[in-house]
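Student: sequence and computational prediction follow.
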Amino acid sequence: MKSFLDFEEKNVEKAVQKACAELNVSRDKLKYDIISHGSSGIFGLVGTKKALIRVFVPDLPKGKSFSDASVIAGHGNKNLNSDTAQSEKDTISALVDEAFGEVKNVAGSVEKAKKTKKTKKNNKIVKPEKAKKPEKPQSLGKNEPVEKSKPPLATTEDPSINNEAAICAAQDLVHEIFRAMSIEAEMSVSVNSESDQCWVNVKVSEPGILIGKRGQTLEAIQYLVDKVVNKQCGKGTRVIFDVEGYVESRKSELKELASRMASKAVKTGKPSTMTRMNAHDRRIVHVSLKGNRSVRTQSIGDGYYRKLIIFPKKKSQKKAGKAQPKA
């Protein structure tokens with residue numbers, strides 16, 4: 001009677017080497033079937049699958065090569081690593097799906113993946129600890145003063161250290177994306193002292209690949225950068241990813257377009273409609289026309305991309321009649 005064990009690695013060759021090492025058998029004597037060749041996924045971050053082989057192990061008498069201890073240890077580690085990798089892959093997949101607008105119940109998916117990672121640790125169900133009952137306060141004497149509890153002091157972090165950590169996290173992610181896409185780029189870093197924002201600007205031979213139509217690819221990369229920075233450095237630290245100054249040039253173009261459309265609306269007395277834009281671009285238009293007392297702006301439609309309409313404000317009505325002269 002024969003039994004089998006499964007081995008996972010990045011590719012089939014490494015899986016075979018792992019099986020030979022753990023079972024203490026030469027490659028020519030190893031009998032196995034290839035269940036999956038594996039996949040590198042998207043950018044090496046999402047959808048990665050390890051290669052899986054199934055090794056047939058005959059029952060051997062005691063004292064031979066296939067020791068029960070080594071077999072059980074290898075099989076247990078495989079299951080533990082498989083569960084951990086699966087939970088991490090579920091978390092990253094939910095975040096990337098949300099970046100491209102194809103997510104359903106993202107918060108639930110991420111939370112479920114985190115709970116799965118905790119409960120499957122060491123293949124044991126982790127039972128929540130029972131809440132301890134608060135201890136009864138000791139009675140004080142009549143003459144003993146009651147001390148008021150002071151709130152804990154807020155800890156402050158050095159912003160320069162936090163910015164440096166955020167920039168390193170963003171650079172590591174961008175380097176990994178470029179490596180998966182086989183893109184060579186020059187990267188520069190700058191910090192705005194007034195707004196305390198960190199900028200990561202890259203120069204490539206074909207910037208359109210990273211910018212995409214209406215900046216959609218750049219926006220998706222920015223979303224991933226925000227998620228990684230917030231996870232490693234905490235919220236409040238902003239790292240802006242830019243490709244050859246596209247972010248600033250896009251902002252200037254939107255302001256000029258908004259000014260022209262507002263002038264047209266005031267001149268014709270009719271609303272002017274701007275094309276469908278994402279939330280970031282719409283915000284730029286709203287803020288740029290906020291001080292214009294002749295128009296008002298409003299976003300209409302559903303979904304991520306919405307139209308923006310510039311309405312001319314109605315002039316105040318004149319008084320019905322002139323004031324009568326005093327007698």
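Tutor: Ah, there it is. These numbers were taken from a predicted model, which means no experiment stands behind them.
Student: for the helix or strand residue 226 falls within, buried residues please.
Tutor: Residue 226 is located in helix 216-233, with elements delineated by DSSP states H and E. Buried residues in helix 216-233, counted by 16 or more other Cβ atoms under 10 Å: 218-219, 221-230, 233. For glycine as for every other residue, the C-beta is placed from the backbone atoms N, C-alpha and C.
Student: which of those residues sits closest to residue 206?
Tutor: residue 218 (13.3 Å; Cβ to Cβ).
Student: could you measure from the closest one over to residue 7?
Tutor: 41 Å (Cβ to Cβ, to the nearest Å).
Student: now do residue 237
Tutor: If you measure residue 237 against residue 7 using Cβ to Cβ, the figure is 41 Å.
Student: please apply the same query to residue 169.
Tutor: When residue 169 is compared with residue 7 (using Cβ to Cβ), they lie 33 Å apart.
Student: so these two - more neighbours on which side?
Tutor: Neighbours per residue (other Cβ atoms under 10 Å) separate residue 169 from residue 7, with residue 7 holding more: 26 against 19.
Student: got the domain boundaries for this protein?
Tutor: 2-99, 159-244, 248-312 (automatic domain parsing).
Student: same list (these) but as JSON lines, adding mean pLDDT.
Tutor: Below are the domains of the chain laid out as JSON lines (pLDDT from 0 to 100):
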{"stretch": "domain 2-99", "mean pLDDT": "68"}
{"stretch": "domain 159-244", "mean pLDDT": "84"}
{"stretch": "domain 248-312", "mean pLDDT": "92"}
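Student: how about the helices of the protein, start to end?
Tutor: Applying DSSP state H to the chain gives helices spanning 12-23, 68-99, 106-119, 159-181, 207-211, 216-233, 246-268, 279-288.
Student: can you list the residues that contact the fifth one?
Tutor: Contacts made with helix 207-211 from outside it, assessed by Cβ atoms under 8 Å, 6 or more residues apart in numbering, are listed as 181, 183, 202, 204, 217-218, 221, 243-244, 246.
Student: now with 10 Å, please.
Tutor: 174, 177-178, 181, 183, 185, 202, 204, 217-219, 221, 241-247, 250 (Cβ atoms under 10 Å, 6 or more residues apart in numbering).
Student: before we move on, back to that, so which of the buried residues of helix 216-233 is the closest to residue 36?
Tutor: residue 224 (26.9 Å).
Student: wait, that closest one touches residue 218, no?
Tutor: No. Taking Cβ atoms under 10 Å as the definition, residue 224 is not a contact partner of residue 218, at 11.1 Å.
Student: which neighbours do those two share?
Tutor: residue 241.
Student: correct me, but residue 255 touches residue 290?
Tutor: No. Taking contacts as Cβ under 10 Å, residue 255 lies outside contact range of residue 290: 11.8 Å.
Student: so which of those two has more stuff around it?
Tutor: Per other Cβ under 10 Å, whichever of residue 255 and residue 290 has more neighbours is residue 255, with 15 against 10.
Student: which residue is the nearest non-sequential neighbour of that one?
Tutor: Nearest non-adjacent residue to residue 255, counting by Cβ to Cβ, 6 or more residues apart in numbering: residue 288, 4.6 Å away.
Student: ok, the one you found to residue 265 distance?
Tutor: 14 Å.
Student: pick out whichever of these two has more residues nearby.
Tutor: Neighbours per residue, other Cβ under 10 Å: of residue 288 and residue 265, the larger number sits with residue 265, 23 against 18.
Student: might one say that that one is in contact with residue 311?
Tutor: Yes. Using Cβ under 10 Å, residue 265 makes contact with residue 311 at a distance of 6.8 Å.
Student: now do the contacts for residue 282.
Tutor: So residue 282 contacts 254, 274, 276, 297, 299, 305-308 (Cβ under 10 Å, 6+ apart).
Student: er, residue 260 I mean
Tutor: Taking Cβ under 10 Å, 6+ apart as the criterion, residue 260 is in contact with residue 272.
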